[in-house]
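Chemist: Predicted model follows, preceded by the sequence.
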Amino acid sequence: MLEQTLAASRVLPVVTAGDISATINLARALQRGGMTAIEITLRTPTALDAIAAVQREVPELLVAAGTVNTPADVARVVDAGVTLALSPGATPALLQAAAEAPLDFVPGVASASEILQAQAYGFELFKLFPAVTLGGLGMLKALGGPFPEARFCPTGGLSPENFRDFLALPNVVCCGGSWMVASSLVAGGDWDEIERLAREAMSTDTQRSGENT
Ligand SMILES: O=C(O)C(=O)C[C@H](O)[C@H](O)COP(=O)(O)O
């Protein structure tokens, strides 16, 4: 179920929320562009309020919490009504808390040993972070050997130029990225450009839509 949901989302925009009304406008632009989910990281003081606001104002979007790094973070996002949480990494305490919590959780991994550790808690879908720095496509192909059941959402260093190559791999479910939600676009209120980048990311054409315009 989680795998299907993330596969449908195709690209998961990773948002670091500042101003709440700007985050609502950003979420609306992503939704207009065809995106079905948004990851709002717990990196800022306004993150939980932003999650609640987007859940309320843009109910069409699945609102995931990101940078959920501790058992306390798991409790905070469950309290906020979040049903999907992701982390750039994992500790045994985090894996235990997330396995027991009433939400879907995608732990971060960066090595075979970290996959083994997360599998011991029942997880099979992982955020590979930071994907490009770790080895990108080659690493994902290599991990497919010993871990044929493992599925990945590579994040970190993905771009309009490379994300389709990641999505084409059989063990990649979706890609995470921040290119369509760059802080410069949000600060400038460039919602049309954010919508365009979202639409381009969601397009299944092999040729990028922007190349024809
Ligand atoms: O904050 C988290 O929980 C993360 O997992 C990190 C983010 O996924 C990356 O910062 C996105 O990477 P870029 O697309 O290269 O900006």
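Modeler: Received, thanks. Values in this document were obtained by computation on a predicted structure and should not be read as measured data. Numbering: from 1, shown residues only.

Chemist: What are the boundaries of the strands in the protein?
Modeler: Along the chain, counting by DSSP state E, strands occupy 11-15, 37-41, 62-66, 84-86, 104-106, 108-109, 125-128, 151-154, 175-177.

Chemist: Could you dump the ones you listed into CSV with mean pLDDT and distance to the ligand added?
Modeler: Placement of C-beta: from N, CA and C, glycine included. Listed next are the strands of the chain as CSV, based on pLDDT from 0 to 100; distance: least, Cβ to the nearest ligand atom, whole Å:
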stretch, mean pLDDT, distance to the ligand
strand 11-15, 97, 4
strand 37-41, 98, 4
strand 62-66, 98, 4
strand 84-86, 98, 6
strand 104-106, 98, 10
strand 108-109, 98, 6
strand 125-128, 98, 6
strand 151-154, 98, 9
strand 175-177, 97, 4
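
Chemist: nearest to Arg199, of the ones you listed?
Modeler: Among these, the nearest to Arg199 by Cβ to Cβ is strand 11-15 (10.9 Å).

Chemist: ok, back up a step: mind putting the strands of the chain in JSON lines, mean neighbour count included?
Modeler: Formatted as JSON lines, the strands of the chain follow (neighbours: other Cβ atoms under 10 Å):
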{"stretch": "strand 11-15", "mean neighbour count": "27"}
{"stretch": "strand 37-41", "mean neighbour count": "26"}
{"stretch": "strand 62-66", "mean neighbour count": "25"}
{"stretch": "strand 84-86", "mean neighbour count": "25"}
{"stretch": "strand 104-106", "mean neighbour count": "25"}
{"stretch": "strand 108-109", "mean neighbour count": "26"}
{"stretch": "strand 125-128", "mean neighbour count": "26"}
{"stretch": "strand 151-154", "mean neighbour count": "25"}
{"stretch": "strand 175-177", "mean neighbour count": "26"}
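
Chemist: All set, thanks.
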